[in-house]
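A.B. asks: sequence first, predicted coordinates after that:
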Amino acid sequence: LYVRNADDDEITPIIQAENGWQWDVEAAKWNEEGTLLLVREIDKRELGAITLTDEEGNTRKRSYTFMGEPLEKHQYYIVDIAAQTKIKIDHGYEKPFIHAMAWHNGYAYLLQSDRMMQQLELLKVATNGSFKPIITETSDTYIIGLNLGQHYDYRLDDSNVVEFYEDKILWTSERSGYRQIYLYDLNGNLITQLTSRAKNGIVEELSIIANGWAYFSTFDINVGNTESLVDAKFYRVSLESGAIQLITEGPVILGQLWTADRDRFWIMHGDLDNIKLSEFNQEGKKIETTWEYTIKENEEFGFDPEYVWTMARDGKTQVGSAILKPVDFDPDNSYPVVEYIYGPPFYNQMPWNPFIRRVHQLQDLANNGFIIVITDAPGTEFRGRDFNRYTYGRLGQVEIDDHAHALEQLARDRPYMDMTRVGIMGHSLSLIHI
């Protein structure tokens, strides 16, 4: 393990990893004083391997985790940079998904989960390596999901599952059936549930905490509605009184940017055709719209998705689909159909806004003479825990039926969809469907 001097770029070796292990500084966390580092070693010796072949035919082995087989072992330490020593945190390997979350008030915090992601613990770690779990969640299906996986630290950090503020912990959970924010003290005692679906909808992300207020975005899908498909809003909630204030709404919210001292922020929001950047003060009062743009390119490019609701195989659950057509679409023509599918849980694929990269790729494909269908079947996000966890323990076994059923229903009153020529495409884990 090395450190580099920020002033003169001098690199200093600090401490060796254990035999057979290697240091991994991904998502390592410094304490408030910059003297201690919460960092892990990893051991890949029990992993399987795949053979990679380059263009010249040269081969090499690469460690790879296969389903049901051993995972990497992750071991966290507290490293004292000046003393060049390390203290082992004896958390064990029974719960293989473990991540460094933060330092706060002199303690380090780790988040760990079992392999089936059914038990989640927040560990409070003293500088001598002793620790205790202070918040525990259990479920009969996924908790958090993909972002808990090994080497998904950056996604876990970005999702702000747990945040610290003075003598409090903010914790996001789906224990009510929908993701909401809960307030704890630093010993893991629940103080109150800060948000609820009835008051604010489904929490998408806890964004930032400033002056005793937590700022967060929500995202709800209006099931059955083709005109107003989604509701995206931005709120703040008082950590003292629990008062919730609506700051602005979308239906599309693309993100926010704060000043360093957190006295002002900007939100990019709008709809499929108009996007604006609005400035707000810390109290959530709008100062001005600093930029606005009408997306003329949509018409030129042909991006005008048709949103449709059909029924899942169970005959009770509504399933949303988006249809992309060629820019020169002629309903009297016959077009081959391509479904873009992801399938696994935790991600939606339907295009809520034109700034998603895959939207342009798929519309470009449509403009080459295809009908593109994107369906968010059971297993996707923002419709509650039960809908999202539909594929738990059955990944690759059940979801394709709902996608095929949606295609069949869409084609019944759309004769331009040639169901004798149907293709499928996707990315990442969608390979299990192809």
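C.D. replies: Perfect, thanks for sending it.
A.B. asks: excluding covalently adjacent residues, which one is nearest to Y93?
C.D. replies: Distances taken as CB to CB, 6 or more residues apart in numbering put K73 closest to Y93, at 5.1 Å, once the chain neighbours are dropped. Glycine gets a C-beta too; all of them are placed from N, C-alpha and C.
A.B. asks: kindly report the same for T192.
C.D. replies: Closest residue to T192 in three dimensions, ignoring its sequence neighbours and counting by CB to CB, 6+ apart: L183, at 5.2 Å.
A.B. asks: re earlier: who does the residue nearest to Y93 bridge with?
C.D. replies: Taking DSSP bridges, one obtains D43 as the residues bridged to K73.
A.B. asks: what's the pLDDT at it?
C.D. replies: Predicted confidence (pLDDT) for K73: 97.
A.B. asks: pull the number of nearby residues for it.
C.D. replies: K73 has 20 neighbouring residues, counting by other CB atoms under 10 Å.
A.B. asks: any idea how far it is from G20?
C.D. replies: 10 Å (CB to CB, to the nearest Å).
A.B. asks: quick check, the residue nearest to T192 in contact with K168.
C.D. replies: Yes: between L183 and K168 there is a contact under CB atoms under 8 Å: 6.0 Å.
A.B. asks: quick check: neighbours shared by the two?
C.D. replies: Common neighbours of L183 and K168, counting by CB atoms under 8 Å, 6 or more residues apart in numbering, are I191, L239.
A.B. asks: any idea which element the residue nearest to T192 lies in?
C.D. replies: strand 180-185 (DSSP states H and E).
A.B. asks: in a helix, L431, correct?
C.D. replies: Yes: membership of L431 in a helix is supported by DSSP: H, G, I helix; E, B strand; the rest coil.
A.B. asks: do you know how far it is from N353?
C.D. replies: From L431 to N353 the distance is 27 Å (CB to CB).
A.B. asks: counting neighbours, go ahead and name the busier of these two.
C.D. replies: Between L431 and N353, counted using other CB under 10 Å, the more crowded position is N353 (20 against 10).
A.B. asks: sec struct for the more buried one, please.
C.D. replies: coil.
A.B. asks: run through the residues that contact it.
C.D. replies: With contact set as CB under 8 Å, 6+ apart, N353 has these partners: V252, L254, D271, L272, V359.
A.B. asks: what's the nearest residue to the last one if we skip its chain neighbours?
C.D. replies: In space, V359 comes closest to P351 once its chain neighbours are excluded; the distance is 4.6 Å by CB to CB, 6+ apart.
A.B. asks: thought the one you found was touching A322?
C.D. replies: Yes: taking CB under 8 Å as the definition, P351 is a contact partner of A322 at 5.7 Å.
A.B. asks: between those two, what contacts are shared?
C.D. replies: If you check P351 and A322 against CB under 8 Å, 6+ apart, the residues they both contact are P305, I374.
A.B. asks: by contact count, what packs against the helix or strand harbouring V359?
C.D. replies: If you go by DSSP H and E, V359 is part of helix 357-366. Counting contacts by 3 or more CB pairs under 8 Å, 6 or more residues apart in numbering; DSSP states H and E, helix 357-366 packs against strand 318-324, strand 335-341, strand 371-376.
A.B. asks: so in this protein, where's the weakest helix or strand by average pLDDT?
C.D. replies: helix 297-301 (a mean of 74; mean pLDDT, DSSP states H and E).
A.B. asks: now do the helix or strand following that helix against strand 371-376, angle only.
C.D. replies: For helix 297-301, the following helix or strand on the C-terminal side (DSSP H and E) is strand 306-311. Counting by axes from the mean of the first three to the mean of the last three CA atoms, to 10 degrees, strand 306-311 lies at 50 degrees to strand 371-376.
A.B. asks: done for today, thanks.
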